[in-house]
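>>> I would like to see how this sequence folds:
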Amino acid sequence: MLFFWKHWNTGHQTAYWTGLVLFVAAMVGMVWAWMLGLQNVVRWDVLSELTELPASIGTFTDGLFDYSIPGKSYIVTEQFVASVMQINGLAARLVTLGVCAGFAFVLASVSRLPRWCYLIAMGVLIVLIATFRLEVLQLPGFLGTSLDGRLPFLVVVLVLGLVSYYFHAFRIDISLPMRLLVFAGLMLPGWLVVDRLAEQPEPALAFIAYALPGLLVLSLGFIFWISAEIIAALVYVTSVARNNRSDGSGRPLGLGNFLIISVLYLANLLLIWLSNTKTISWNPVVISPFILFLISLILGLWGFRQQIRQSDNFLSFHDAGAFLYLGLGLITTLTIAFAFASANDPLVEALEDIIVYTHLAVGIVFVLYTVYNFLPLYRQALPVYKVLYKPTRFSLLQTRLVAAVLTAVIFGLENFFPLNQATAGYFNTVGDFHAAAGEVRVAEQYYGLALQSEFQNHKSNYAMASLALTQGDKVTAAFYFQQALLKQPSPQAYAGLTSVLLQDNLFFEAVKMLQRGIRAFPKNGELQNNLGYLYAKTSVADSAYYYLAAATGNTARDEVPQTNLLAFWARNPRLVSLDSLAQASEASSYESYEANRAALAFFRTNADSVAIRQPDWLGGPLADEGLSVGRFARLYNYAIRNRKPDTTLLNVLSRMEQNPANQDFTDDLLFMRAVTNYYTANKRTAFELTDQLATDNQRTGPFYNTVTGLWMLEQGLNRKAADLFAKNTDTLSTYYQALALTKAGDPLLARPLWETAGQNDPGVQSLGDVLYGTKQPATDLERAFALLYAPVSDQPGAQRALYAALRDDNLKVVVASALAKRYLAVNQLAMAQGWYEQIPMEARLNTYAGSAMTVAYLRLRNAQGQADQTLADARQAVVPAFQAEKDFVVAQAYQAKRQVAQARRFYEAALHRAPFHAEIVSATAAFERQNGKAEKAYNQVLEALALNEQNPGLLKLYTLLCLDQGLTDYAEESLARLRIATSPADYQAFLASYQAKRALIEKEREAFQ
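Now for the predicted structure:
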């Protein structure tokens, strides 16, 4: 009957179901630990490396020259690193509790045995408990010191023995479920108390370590006992009547089928034995011994019941046998599970050999026992399984004795090598206990003893390598990693040895080691990723891509090789279309992947217009532990490329700078804040931050000077930009300085700089020669440059000739628009109109040239008093470089129409985009002054003057605003600065109006008094 327990009373059913649940949980735990293998104690960590890639953080143009602001992006590359060997304390605690539960089942069952059987069983259990060495738990006080530490053993034996004997001799009426409840109540809470009181840091591990020999002996006996269950099941399958047969005979499969199936089963065991002992060199496809154990274990639930029923012996299955089987099965299964959970390969191999040898020996003898005793019954097609344990010629006891002898013979043929492996497994477990307790030297001694018993075992060698690494001994670690690869190599050992080689700068040896590892484990994604990671550091791009692509799908963390693939493309942008790649790559929550995905934007077509997704965590609470490598890289790439106002980003950056955990990223965080301020918030703050980064910084100061200088050049702060470039010594900075001074109208000071910058650059030299008239312009660029900056601009005839020679319509539009603006600034409307009319209207222009033409047209309409036409045509869109100027012109048009609110809105928009543009600031402040907001105008001019100290227009307006505010001392100071900044004639003209204003103020003050 399959569900034999359904006729039991409720108490027995509940107790048995409890045991079955624990039984199944132990099997599931064993299979789970088996599947995880080495990952039970060695995890794959991810080591992230931050790499800088030179990149442009922004570009701009003045129509003639394109400027790229230098910078960098960050990519993250990652490799898998095998951790040092961990101690599986959780497995030890669970197994200890399971063993206690198993002994509760065993003790409850033993107390139901007849007198002599009970005494023998209790004697065996007492001896078994004596081997557990409970003194290692180091209980406090007299419990740990009395009787040389043997008091815990005596207490356990006395308590369990007396209770057991009480049930056996005095209260035989108490049911087995109640006995089970009492023993469980003694053992499980008792262990929890011991676990709390023990002075050992890892009491469960200490218990398992020193109890292991006894548990192994118990497991050996139980495995031997159930070794016949598969053959017994074959007897049932081949002797049971089969009513579904096609001939309708109902005859069983018979002896022939029994022998064929049994021979196949025994051949599987024989092949395992021959393969494990290297007697055969090929690897046969066989069923794992541990699967055979689980099958035998499950079959034994019913098989053991049949043995007891058919043998008519002293044991009651209902009152003892069922629970004894559950207890012994639970202890044995948990012992095997712990071997797997601790990755104790010599112990696993010893258990595997025990299963193979016992199943093979018992299987052979039990087949002979069946044929010898029941051949006539098979011939008569009778159900042999009903009398399988009622032999007529050769007893079951004799069969087991012969099987035990044959098992010993098989062990002897191997020189009892499994015993050596079990010994190594025991020493490994004790070594784990001492390693967990922090007793490194003692742990090393036990691992060394394990190596003496089985020198090639992986567990001991990897553990010794781990201990060496924790002590910084890389040579010893490399030796033991090599040893771990001899018999039972693992990907983790290859990765560990590779890591040691890399730490010693043995790059190519590390590559070769990974290649060996991949040959041994061709589908291991961690090793493939690491090899691709190393190849990516070399010029072997095809191999790097191959291994990184292969790793995807072969590892539980596909995001790591995918992150490395994105880093690979960022390093090699010419090998693939980054625009297509960016569209094909999906968003992820993995920070390093998103960081590299954002880094691709730096190298895409029209990078300035590529938007990067804001990190999801940016608006949430910040962690105190600081930025990880992946999170920092993602934040950096986003902050540098973001062009939308983001106050959250600025707040987060400020708070992160103040966190000491981010001190390694301090400069980068400051730079992120500077870039964010420049493009989305306050440009002056950006300049102050980059100046702070450059000050007294010999290593990166020139870089920050260059960035700030280019930003100022973009804002039209040419003299300030020249001053910053002058701090650098590289040729490119010299060129930028020369260009800035030329734009500022100081070609005399720029001349030696042009000569220096052009020494190694013919193109720059040609521009300098054109600028100073030593060479005639030969290209469109040189002609346009001469028209805008050379003295030829003062000669109308020469201007027309050069302009006519231009062939590039975009350059013609840029030059004509600039000259029209220049003439409008000095109120030469006719000249401005003439230059605007030179623009080729039907040409196909780029967006910059088209925007220049639009703004020139709007300026011209305003100058002609056509404010309505200006506003009507202002709907034409322009590029961001001209948006401030366009807003400014629109504001002037609204001002002309006396629409103050609209004018103020556009003035403020223009001022926000170009806070240092002298013309815009002056006009905006004059507008505010005119509308009674002198203080606001004063602040606007004061802000711009910080970077425009020599601008006459701003100085004049500032002087007048100081008078308006009653700040006469500041007004006098500003007047002195104006005298230096402008021509004598201009100064005298302003001085007259200043004195008149000053006199008026004095007169009003006297009248007030």
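>>> Sort out which residues of the one helix or strand Gln452 maps to are buried, please.
Element membership for Gln452 (DSSP states H and E) is helix 440-453. Residues of helix 440-453 classed as buried: Ala443, Glu444, Tyr446, Tyr447, Leu449, Ala450, Leu451, Ser453 (neighbour count, 16 or more other CB atoms under 10 Å). Placement of C-beta: from N, CA and C, glycine included.
>>> now stretch 715-735
715-728, 733-735.
>>> so how far is that stretch from its chain's centroid?
41 Å (CA atoms, centre = their mean, to the nearest Å).
>>> what is the mean pLDDT for that stretch?
Stretch 715-735 comes out with an average pLDDT of 93.
>>> just the CA coordinates of it, formatted as PDB?
What follows is stretch 715-735, C-alpha atoms only, in PDB (Å, rounded to 0.1, in the frame of the first residue of the first chain):
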ATOM      1  CA  GLN A 715      30.600  83.900 -24.000                       C
ATOM      2  CA  GLY A 716      32.500  86.600 -25.800                       C
ATOM      3  CA  LEU A 717      34.900  87.300 -22.800                       C
ATOM      4  CA  ASN A 718      37.900  87.300 -25.100                       C
ATOM      5  CA  ARG A 719      40.400  89.100 -22.900                       C
ATOM      6  CA  LYS A 720      39.500  87.000 -19.900                       C
ATOM      7  CA  ALA A 721      39.900  83.900 -22.000                       C
ATOM      8  CA  ALA A 722      43.300  85.100 -23.200                       C
ATOM      9  CA  ASP A 723      44.400  85.600 -19.700                       C
ATOM     10  CA  LEU A 724      43.500  82.000 -18.800                       C
ATOM     11  CA  PHE A 725      45.100  80.500 -21.900                       C
ATOM     12  CA  ALA A 726      48.300  82.500 -21.000                       C
ATOM     13  CA  LYS A 727      48.600  80.300 -17.800                       C
ATOM     14  CA  ASN A 728      49.200  77.200 -19.900                       C
ATOM     15  CA  THR A 729      52.300  76.400 -21.900                       C
ATOM     16  CA  ASP A 730      51.000  74.000 -24.600                       C
ATOM     17  CA  THR A 731      50.800  75.100 -28.200                       C
ATOM     18  CA  LEU A 732      47.100  74.700 -28.500                       C
ATOM     19  CA  SER A 733      46.600  77.200 -25.600                       C
ATOM     20  CA  THR A 734      48.900  79.600 -27.300                       C
ATOM     21  CA  TYR A 735      46.800  79.400 -30.400                       C
END
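>>> Contacts for that stretch, please.
For stretch 715-735, contacts defined as CB atoms under 8 Å, 6 or more residues apart in numbering pick out 683, 694, 701-702, 705-706, 708-710, 712-713, 736-737, 740-741, 743-744, 746, 753, 756-757, 759-761, 764, 914, 916-918, 947-948, 950.
>>> From the residues you listed, list the buried ones, please.
683, 694, 701-702, 705-706, 708-710, 712-713, 736-737, 740-741, 743-744, 753, 756-757, 764, 914, 916-918, 947-948.
>>> which one's the longest helix in this structure?
Determined from DSSP state H, the single longest helix within the chain is helix 345-379.
>>> Which elements pack onto the helix or strand Phe568 falls within?
Element membership for Phe568, per DSSP H and E: helix 559-571. Other elements packing on helix 559-571 under the criterion 3 or more CB pairs under 8 Å, 6 or more residues apart in numbering; DSSP states H and E are strand 44-61, strand 66-82, helix 525-536, helix 541-551, helix 591-599.
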